[in-house]
Structure formats: C-alpha cells, structure tokens
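# Mind looking at a prediction? Sequence and model below.
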Amino acid sequence: MHRFTHFTAAAAIALALGLAAPSAFAPSAFAQGAMPAKTGQSAGGPVLTDSKGMTLYVFDRDAGGKSACNGQCATNWPPLMAPAGAKAMGDYSVVTRDDGSMQWAYKGKPLYGWAKDGKPGDTTGDGVNNVWHVARP
C-alpha cells in the first residue's frame, strides 16, 4: 500500500504540472481562445499557417465573405475548417461553405491550404493562375 501512495502522489503532481498525456475530454485550443492560424516564416517573409505550420492562402474569386472554391477546387485547396460553434475572434471570422460546413477566414477572406506544398515554409501555391496568394498577417 505504501508504493501505491507514492504512485498516486506522483501521478497527482504530474497532472498538476501538465505532464500527463492529454485527455480526450481536455478543452480544445479553440475553446481556450487560441487563434485558428499562426504566423510562420517563408522565403518571402511572414505568412499565416495552419496548426502544422503549412502555409495558408487566399483566393481572389472569394467575395462577400463566401468561399468560391468547392468540389475539385477544395480538393486541391483544402479549406481551413472551423469546428462547430466556432466564433469570430480578432481578425478571424467564420464563413459558411456551400455544403454547410464552416471555414476560417482572415480579414474576411476564407483561408486554404495547397495540396502541393510538401513541408512547412513551402509557398508553391503563391500566384497559381494569378488568383491564389499567400495569406499574410
């Protein structure tokens, strides 16, 4: 029983210090007020990135806070999806896509990834068809 007491005390300390594995019931980053995108670096300067550090883009054909990129376009340019119940915060807002799902937008422009970027810092989608551009903070 003495060993069990030490284990329980150690587990309690680990939990208090945040050293234990995260729980499936832990609040999400969005619930804690984290921004949906981060600022990363590319060869061309600061860019907005997703949680994995991948560059985000904006699409010139999006207008009025609505995404014009659906179907095959959204396969090549995956939208930065927002969880159910997401709310606007700072320069970030949420737009409703044609299928009813939610997408993050920055200063009113919906945000997308690019399927051909292979690693954080890549910006191979910048300038594609003269309508896709790196999202900059």
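Perfect, I can see it now.

# contacting residues around stretch 65-73?
Outside stretch 65-73, the residues that touch it by CB atoms under 8 Å, 6 or more residues apart in numbering are 59, 61-62, 77, 79, 93, 95-99, 103, 105, 108, 110, 112. From N, CA and C alone the C-beta is placed, and that goes for glycine too.

# can you tell me the helix or strand for residue 123?
Assigned by DSSP states H and E, residue 123 falls within no helix or strand.

# ok, and for stretch 39-46, which residues are buried?
For stretch 39-46, burial by neighbour count (16 or more other CB atoms under 10 Å) applies to 40, 42.

# could you measure residue 91 against residue 111, distance?
According to CB to CB, to the nearest Å, residue 91 and residue 111 sit 11 Å apart.

# any idea of the pLDDT on the spatially most central residue of the chain?
What sits nearest the mean C-alpha location of the chain, by CA atoms, centre = their mean, is residue 50, with 3.8 Å. Model confidence at residue 50, given as pLDDT, is 95.

# could you give the mean pLDDT of stretch 68-86?
So the average pLDDT for stretch 68-86 ends up being 96.

# List the buried residues of it.
Buried-residue list, stretch 68-86, by 16+ other CB under 10 Å: 69, 74, 76-80, 82, 86.

# Ends of it, what's the gap?
Chord length of stretch 68-86, first to last residue, is 21 Å (CA to CA, to the nearest Å).

# Where do the strands of this structure begin and end?
38-42, 45-49, 57-59, 92-96, 102-106, 109-110, 132-134 (DSSP state E).

# closest to residue 117 out of these?
strand 57-59 (9.1 Å; CB to CB).

# tell me which helix or strand of this protein sits lowest on mean pLDDT?
helix 2-16 (a mean of 37; mean pLDDT, DSSP states H and E).

# Report the contact partners of the nearest residue to residue 86 once chain neighbours are set aside.
Distances taken as CB to CB, 6 or more residues apart in numbering put residue 94 closest to residue 86, at 5.0 Å, once the chain neighbours are dropped. By CB under 8 Å, 6+ apart, the residues touching residue 94 are 82, 86-88, 102-105.
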